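Q: Okay, predicted coordinates and the sequence, questions at the end:
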Amino acid sequence: MDYTEEELSKECEGVQKKELQEENVEVGNTVFSTFMKTFGFLICAVFYVLAIAVCIMPKTSSKFYELFDSKNAVVVCYEKIYEKSGQNADLYNLILKSIDAKNHKLTAKYIKELREKDNYIEFCDEVNSASVSATENKYIAYVADLDGYLVSQRIVALYSKGSKKTAENEAINDIVYNENIYSFGISAYVDCLMNDENFTEQEKNQKLIDFYEKVIDVNDSQKEISTYIEEKRTEVDLSNAVGNDKVDKILRVYTSLKIDNVKLLYCEATANETEANVMRLQIEELQDIYADLIK
């Protein structure tokens, strides 16, 4: 086929444009590919540096992650801090961070570890003393009993991560064996149970009744959990307070309120309205006493 000079010129021009477009596409792809590789390298480098920083400077790294509200990363930093020091104070701080991050597995693990330390009781006493000296009366009930707080938080963590039977056993062990008169882990367990969306209201009530009336065999002595609850209630009653220790009185009334609220739930679950009304009046009286104590 013969081309005129004009047709040949147009054909060449079209070929040049096509080649130029292909060249632009190729250059564009190369630039984009280079950019993505560089960006990926930078991201990896940043994470590498951060990972190294967590190991070398965990305290500094924790402050960086706290700025971005990266709670799980903060927990990792505090794990490194505790691994380096082995101190109870750092383990306690780690527990607080794991609770804040809702990392139930680590919360349950590290609370157990702290409570098994040889000097655990002494540590609790030190923390309680420091907290009370720096706290107003209205907050004493929340900061003056570290052991009771940790017991409850472990029960909540266990229940929340699906270890419901273990959480129940922890609550039972607390009331049977724990010498801390202010600790009442059953309150935390019952709260978890009554807020469990996997059960209907009827199922919750029945599970509460079954738990409350469960018989525990300890050293060949069998008693219902309800009996242990009544004994605890008598032990912490304000009438048994010795001297004029205001912290002790506040904790006694606060614990009594938790116990009576559980007893009220049981009365409601068993449809014992007469006893439920008695409990409601008793709770109101305790609330008035508590309000006077924290003034």
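A: Happy to help now that I have it.
Q: In this protein, where is pLDDT below threshold?
A: 1-58, 61-62 (pLDDT under 70).
Q: Show me where it has its strands.
A: Counting by DSSP state E, the segments of the chain that form strands are 215-218, 221-224.
Q: So which of these is nearest Asp260?
A: Relative to Asp260, the nearest member of those by CB to CB is strand 221-224, separated by 17.7 Å. (Each C-beta comes from the backbone N, C-alpha and C, glycine too.)
Q: Please enumerate the helices of the stretch 101-250 of the chain.
A: Listed in chain order, the helices found in the stretch 101-250 of the chain under DSSP state H, counting those that start in this stretch are 104-115, 120-133, 140-143, 146-160, 164-177, 185-194, 201-212, 225-236, 246-269.
Q: In CSV, list the C-alpha atoms belonging to the second one.
A: Coordinates of each C-alpha in helix 120-133 appear next as CSV, following Å, rounded to 0.1, in the frame of the first residue of the first chain:
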residue,chain,number,x,y,z
TYR,A,120,2.2,-9.0,99.1
ILE,A,121,0.5,-8.1,102.4
GLU,A,122,3.2,-5.6,103.3
PHE,A,123,3.0,-4.1,99.8
CYS,A,124,-0.8,-3.7,100.2
ASP,A,125,-0.4,-2.1,103.6
GLU,A,126,2.1,0.4,102.1
VAL,A,127,-0.1,1.3,99.2
ASN,A,128,-3.2,1.6,101.4
SER,A,129,-1.4,3.9,103.8
ALA,A,130,0.0,6.1,101.1
SER,A,131,-3.4,6.3,99.4
VAL,A,132,-5.4,7.1,102.5
SER,A,133,-2.9,9.9,103.5
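Q: List the buried residues of it.
A: 120, 123-124, 127-128, 131-132 (16 or more other CB atoms under 10 Å).
Q: mind checking how far that helix is from the chain centre?
A: Centroid displacement of helix 120-133 relative to its chain, using CA atoms, centre = their mean, to the nearest Å, is 21 Å.
Q: could I get the strands of the chain as JSON lines with distance to Lys161 and mean neighbour count?
A: Rendered in JSON lines, the data for the strands of the chain read as follows (distance: least, CB to CB, whole Å; neighbours: other CB atoms under 10 Å):
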{"stretch": "strand 215-218", "distance to Lys161": "24", "mean neighbour count": "11"}
{"stretch": "strand 221-224", "distance to Lys161": "28", "mean neighbour count": "11"}
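Q: Nearest to Leu67, out of the ones you listed?
A: Using CB to CB, the nearest of these to Leu67 is strand 215-218, at 48.8 Å.
Q: who's in contact with Val127?
A: 92, 146 (CB atoms under 8 Å, 6 or more residues apart in numbering).
Q: could we number from 55 for the rest of this?
A: Fine by me, first position is 55 from now on; the one you just mentioned is Val181.
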